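In: I need the structure of the sequence given here:
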Amino acid sequence: MAVDFTTRLASVSVPDSETSQITVSPTQAFRGDQGASELLGQINRAQWDDWRNRFAPYISALADIADDPQAAGQAAENAQNAMGLAYDVAEQSEEQRRQAYGVDQTAAQKAANDRMSNLSRVADTVTAGNQARISAQDRQSAILAGGLGLSNVPDQVLNN
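Out: Below is the predicted model:
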């Protein structure tokens, strides 16, 4: 069974920010000829290290999702399995309802009901698989195009 998009991002291991432990003396900007340049360099390096530690793992996970050739097929398979389970539960529920009322179907009624149910099951299963495949491909395209970056990841994933 495939791991879904949110689960893959939620499982990204990110260390705590180290930027808050860095102290910078503002008076350093006035030391020597290059004090301000050195201070700005330290700040930029600290920001880069913080970004690399906290956000780069998510970018990498998004790239892996966008690059996964199995993603569309796995999404379609999951949707088809879910649709099959939904039909199985509906059939069991209908059978239990009939039993509760003491109603039995004749062989012809059962055959007609099974035929109609099987046609609906196949059509809905194929539709669910196709829609899931298209959604997975759209998600991969959005990631590659930059339309699904870190700003679109749900807060509960990034703020664990």
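In: Low-confidence bits of the protein, can you list those?
Out: For the chain, applying pLDDT under 70 flags the ranges 1-5, 17-22, 148-160.
In: what sits against Gln105?
Out: Taking C-beta atoms under 8 Å, 6 or more residues apart in numbering, we find Gln105 in contact with 98, 113. Using the backbone N, CA and C atoms, a C-beta is placed for each residue, glycine as well.
In: Look at it and give its secondary structure.
Out: Three-state assignment for Gln105 (DSSP: H, G, I helix; E, B strand; the rest coil): coil.
In: what helix or strand does the nearest residue to Gln137 once chain neighbours are set aside sit in?
Out: Using C-beta to C-beta, 6 or more residues apart in numbering and skipping residues adjacent in sequence, the residue nearest Gln137 is Ala72, 5.1 Å away. Element membership of Ala72, judged by DSSP states H and E, is helix 71-101.
In: Counting by contacts, list what the helix or strand hosting Arg115 packs against.
Out: Element membership for Arg115 (DSSP H and E) is helix 107-145. Packing partners of helix 107-145 (3 or more C-beta pairs under 8 Å, 6 or more residues apart in numbering; DSSP states H and E): helix 56-67, helix 71-101.
In: how far off helix 71-101 does that helix point, in degrees?
Out: 150 degrees (axes from the mean of the first three to the mean of the last three C-alpha atoms, to 10 degrees).
In: Identify the residues contacting stretch 131-143?
Out: Residues from elsewhere that reach stretch 131-143, judged by C-beta under 8 Å, 6+ apart: 5, 62-63, 65-66, 68, 71-76, 78-80, 148-149.
In: Is Ala61 in contact with Thr6, as I believe?
Out: No: here Ala61 lies out of contact with Thr6, judged by C-beta atoms under 8 Å, at a distance of 11.0 Å.
In: quick one, which of those two is more surrounded?
Out: Neighbour count, other C-beta atoms under 10 Å: between Ala61 and Thr6, Ala61 has more, with 18 against 12.
In: That one - nearest residue in space that isn't next to it in sequence?
Out: Leaving aside its sequence neighbours, Ala61 sits nearest to Val12 (C-beta to C-beta, 6+ apart; 5.0 Å).
In: Can you report phi and psi for that neighbour?
Out: Torsion angles at Val12 (phi, psi; degrees, to the nearest 10) stand at phi -70, psi 130.
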